[in-house]
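A.B. asks: Output the structure for:
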Amino acid sequence: MRRFLAALTLAATGLVGAAAPASAAISPKTPPLSTPWTSQVSTSNPLPEYPRPQMTRPDWQSLNGEWEFLNPAADTDRYAAPPIGQTLPERILVPYPVESALSGIMRNDNRDLMFYRRTFTVPAGWNGRRVQLHFGAVDYEATVWVNGRQVTTHKGGYDRFEVDVTDAVNGGVNELIVRVYDPTNGRGEKQPVGKQVNSQSNIFYTPTSGIWQTVWIEPTASSSIYSVDVYPQLASNSLRVRVFTRGNVTGHSVFAEALAGATVVGSATGGFTEFTVPVPNARRWSPDDPFLYNLRVSLRNAGGTTVDHVVNYFGMREVGTKLVNGVLRPTLNGEFVFQIGTLDQGFWPDGLYTAPTDAALQFDLQKHKDLGFNMVRKHIKTEPARWYYHADRLGLLVWQDIPSTPAFDQTRTAAQIAQFETEAREIIDEHRAFPSVITYVPFNEGWGEWNLGDTTRITRDLESYDPTRLMNAHSGYNCCVSKGDPGTGDILDWHIYTGPDAPQPSSTRVSILGEFGGIGLRTPGHEYSPHGGFFAYETVTSAAQLNDRYTGMVRDAQRLMTTRGLSGFVFTEITDVEGEYNGLLTYDRRVQKVDTGLVRAAHTALINASRNLNASPQLTLGHVRSFQVTTAGHTDRRLRHANSLARTDVISGDTARQDASFRTVAGLSDPRCYSFESVNYPGRYLRHAGSLVRLDADTGGTFAADATWCTRPGLAAGGISFEAANQPGRYLRHASDQVRIDPNTGGGFAADATWNVADPALWRSSVLLPVDVQRSLQVTTWGHTDRYLRHAGGLGSTEIVGSGSSALLKQDATFTVRRGLADNSCYTFESVNYPGQYLRHADSRIRLAVNDGSALFAGDATFCARPGLGGTGVTLESYNLPGSYLRHFESAAHIAAGAGAGFDRPQTLSADSTWNLAAPWAA
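C.D. replies: Okay, here's the model as predicted:
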């Protein structure tokens, strides 16, 4: 907030409705669903935590708790006079919305006007200081009186406001009255409302009215600090600081100190324009290491005396974009990490917009961390400052939406447009100091969008207003009532239900899937719908199916990262909300529907794969490589394992070829590097022990680091060198026939430590299949595991096969696994009932055909085995179309890369391309 709120005077008209007798003390009502925190809400001191984790001062007083309340008839004048000196008829628990059970009112009947009243006493110890009155948020238009004197008005339901009330308070009991006008989406106001509607349905929910964040007072000096903006600078290990003030600061200066814990690491003196504080050897803030520095800011007068000071915190992090292997990616601290988030709508069955307690407020964020998410999209809503503090300390990236005006109404007056822009700038101002906030989203699916030209202008203006964050100008511009791509910002964002899919990145904008999923699992006893209906984009019937479906989507997204350039996704959603049951948790937060271990493992694999993209583009994860010696006179030798030791040999025979082939995986200790898994001994990796290189299974301790190798430009020309991740300066090298790690000793060392990572490898398949045996290929896609690959009429398809199936069907669904016609380290599948005929692909379809002896046929009929993309089983990759896989789609069998639509769509590719090599149906 960059404007200071002064005392105002407005004309007031008469109040409609007579006051009723005062009610008994406040008592929350029974919510439609209780959360684990409902019963923990204090009626005397709710939400007692300090409400502003940035800019902390030691003295403050909460005004939360029981207030008097008046909610006149719906047609009452919005400018009705305040009930000064009157006892109001009802009691409400602030700061819970009027419509919520926790408020004690729980009324949603389109009464747009309401009055709040309470008394308070300014502590005697604050004498001589100014008194600031703070409101975290009031929805929507608030007018405030203290002791009958109007002190401020404010429009905007999602941003804080404050006012100096020193001249209005006295030394005793003070009367505080707040008038609130909130028509939500009625009376033509067209205010920002997000997902609040007066008539709930599907993805639109119960509205919030009135005070919904903490009300509090604090004392300040007559000249004091109003706010502090901070911007980390990683290149210079420094922090840009700008301080805003109240009162007369002529001749004053600012002294800022950066602290790691209690230790001052850097300091600087400045004025009221931006200045720089050094942060030497700065520790970077990230989801993996959310380290927070403190920032102590002191306001000093001309004589050097401190007249005010506050304590902030900050994280040393930067966001941006850069080309990674030719694809534009978002970066955190200069590195691309795939952003995995959920749609977090912040609704509660007991408190609606307001979490019942601070523990509840942080619960959803902690669940994100537990499940392995590194990002959260705060959808069409803002939260109290403490929510962002919890995101900062836990290490979650935050996309902050700008709450939209009514979704499907696309006409706006100039005044309404200006108000939307004012509120957007206020929201940006209030989030400048939070390191977690990395992206702003001004528009969503065209909700409330009036024309494309203004969308372009507004998003450019906001991007300039805070150029240190990314701008997602229009999330889901391909959807719904959108006016189209505004062409601005840093992000191209599609919404695909159920998905996933992705736009292609451009030279200036990264590719993001801003919403997808919506997989629903009903949970009776933990659901609530105000309109009686329930909605999901797709429904599953068990937790096992939900786990399988969701983790499969994550694996599909990992494919899209490499095939389409996808850089992040937002899954709908973290919790159910009213009639929506798309959540990973129920609306009451009492049931988690997915398995933490399975979901976290899928997320970790995706994040590791994204980090690996920052490494050498010469290696691709999941494929097999062999290490060829480059030393002159020895280039016929390859690195292999034999009797658990690594050595170099001239290779001949299948066993030696397999010994000399290694599957490339993300580094076990650092995914920016690599580990190399044995093809013929899965679970064993090349590692160093002492100075020798061995093949071992994980023995714990330093094993992961010992088995991680970081690529470096070849010490000699024409290859790659591999530096031990945990012993910098020591390289994988051969000496005679030994393979070792050694420091560079000069001479012939450079050549001995430089390798040609041969592609193709000596053995192409990274999974070994039995040959000359009969097997059936079973579908692994959930809901279809009773189906098998079969041939019929010369075409491959899937069909349900069981013990009662015909002999012909069982024969059609059985194949003899043979050495690959094009490469005997891969595989070909021969029909058992048509010997000499093989599965091959032609024109994208899988067919059964006689070998015509051509190289094309041999390649089309050869498949290299890889670990299942679906997490189990085996995936069969085309020999002559690398990156394309044998997959089923609508019962037909195809060869597909997941790069198009229909049979080649990316959705469910990982599951549909994963097969279980099962016992043969035809014995």
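A.B. asks: average model confidence for stretch 474-487?
C.D. replies: Taken as a whole, stretch 474-487 has a mean pLDDT of 95.
A.B. asks: Correction: the previous question concerned stretch 761-776.
C.D. replies: Averaged across stretch 761-776, pLDDT comes to 96.
A.B. asks: How far off centre is that stretch?
C.D. replies: 39 Å (C-alpha atoms, centre = their mean, to the nearest Å).
A.B. asks: Can I get it in PDB? Just the C-alpha atoms.
C.D. replies: Extracted as PDB, the C-alpha positions of stretch 761-776 are listed here (Å, rounded to 0.1, in the frame of the first residue of the first chain):
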ATOM      1  CA  ALA A 761      25.200 -48.300 -26.500                       C
ATOM      2  CA  LEU A 762      26.600 -51.800 -27.000                       C
ATOM      3  CA  TRP A 763      23.300 -53.100 -25.500                       C
ATOM      4  CA  ARG A 764      20.400 -50.900 -26.400                       C
ATOM      5  CA  SER A 765      17.700 -52.300 -24.000                       C
ATOM      6  CA  SER A 766      17.900 -51.200 -20.400                       C
ATOM      7  CA  VAL A 767      15.700 -54.100 -19.300                       C
ATOM      8  CA  LEU A 768      16.600 -57.600 -20.200                       C
ATOM      9  CA  LEU A 769      13.700 -59.800 -21.400                       C
ATOM     10  CA  PRO A 770      13.700 -63.600 -21.700                       C
ATOM     11  CA  VAL A 771      14.100 -64.700 -25.300                       C
ATOM     12  CA  ASP A 772      12.700 -67.700 -27.200                       C
ATOM     13  CA  VAL A 773       9.900 -68.000 -24.600                       C
ATOM     14  CA  GLN A 774       6.200 -67.300 -24.900                       C
ATOM     15  CA  ARG A 775       4.700 -64.300 -23.100                       C
ATOM     16  CA  SER A 776       1.500 -62.200 -23.200                       C
END
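A.B. asks: tell me which residues in it are buried?
C.D. replies: Going by neighbour count (16 or more other C-beta atoms under 10 Å), the buried part of stretch 761-776 is 761-769, 774-776. Quick note: C-beta positions are derived from backbone N, CA and C, even for glycine.
A.B. asks: Counting by contacts, list what the lowest-mean-pLDDT helix or strand in the chain packs against.
C.D. replies: For the chain, using mean pLDDT, DSSP states H and E, the weakest element among its helices and strands is strand 755-758, scoring a mean of 90. Secondary-structure packing of strand 755-758 (3 or more C-beta pairs under 8 Å, 6 or more residues apart in numbering; DSSP states H and E): strand 624-629, strand 720-724.
A.B. asks: What ranges does the stretch 701-850 of the chain have for its strands?
C.D. replies: 709-713, 720-724, 730-735, 738-743, 755-758, 773-779, 787-792, 795-800, 815-819, 827-831, 837-842, 845-850 (DSSP state E, counting those that start in this stretch).
A.B. asks: which residues are in contact with the longest one?
C.D. replies: Contact with strand 773-779 is made by 785-789, 798, 801, 813-817, 829, 832, 888, 912, 915-922, as judged by C-beta atoms under 8 Å, 6 or more residues apart in numbering.
A.B. asks: If we use 6 Å, what do you get?
C.D. replies: 785, 787-789, 798, 813-814, 816-817, 832, 915-918, 920-921 (C-beta atoms under 6 Å, 6 or more residues apart in numbering).
A.B. asks: Of those residues, select the buried ones using a PyMOL command.
C.D. replies: Buried residues within these, by 16+ other C-beta under 10 Å, are selected in PyMOL with:
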select buried, resi 787+788+789+798+813+814+816+817+832+915+916+917+918+920+921
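A.B. asks: How about the contacts made by Ser844?
C.D. replies: 894-895.
A.B. asks: Just the pLDDT for it.
C.D. replies: For Ser844, pLDDT reads 93.
A.B. asks: For Ser891, see how far away it is.
C.D. replies: 15 Å (C-beta to C-beta, to the nearest Å).
A.B. asks: Kindly report the same for Leu234.
C.D. replies: Distance from Leu234 to Ser891, by C-beta to C-beta: 54 Å.
A.B. asks: of those two, who's got more company?
C.D. replies: Neighbour totals were compared for Leu234 and Ser891, and Leu234 leads with 14 against 11 (other C-beta atoms under 10 Å).
A.B. asks: I figured that one hits Glu318, correct?
C.D. replies: Yes. Leu234 is within contact range of Glu318, at 5.1 Å (criterion: C-beta atoms under 6 Å).
A.B. asks: in the stretch 151-300 of the chain, which spans are strands?
C.D. replies: Counting by DSSP E, counting those that start in this stretch, the strands of the stretch 151-300 of the chain are 161-164, 173-181, 210-211, 215-220, 224-233, 238-246, 253-260, 263-270, 275-278, 293-300.
A.B. asks: okay, those strands in a markdown table with mean pLDDT, mean neighbour count and distance to Thr56 next?
C.D. replies: Shown next, in a markdown table, are these (pLDDT from 0 to 100; neighbours: other C-beta atoms under 10 Å; distance: least, C-beta to C-beta, whole Å):
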| stretch | mean pLDDT | mean neighbour count | distance to Thr56 |
| --- | --- | --- | --- |
| strand 161-164 | 97 | 21 | 15 |
| strand 173-181 | 97 | 21 | 24 |
| strand 210-211 | 97 | 28 | 22 |
| strand 215-220 | 98 | 22 | 10 |
| strand 224-233 | 96 | 20 | 11 |
| strand 238-246 | 97 | 19 | 15 |
| strand 253-260 | 97 | 19 | 13 |
| strand 263-270 | 97 | 15 | 17 |
| strand 275-278 | 98 | 18 | 18 |
| strand 293-300 | 97 | 20 | 10 |
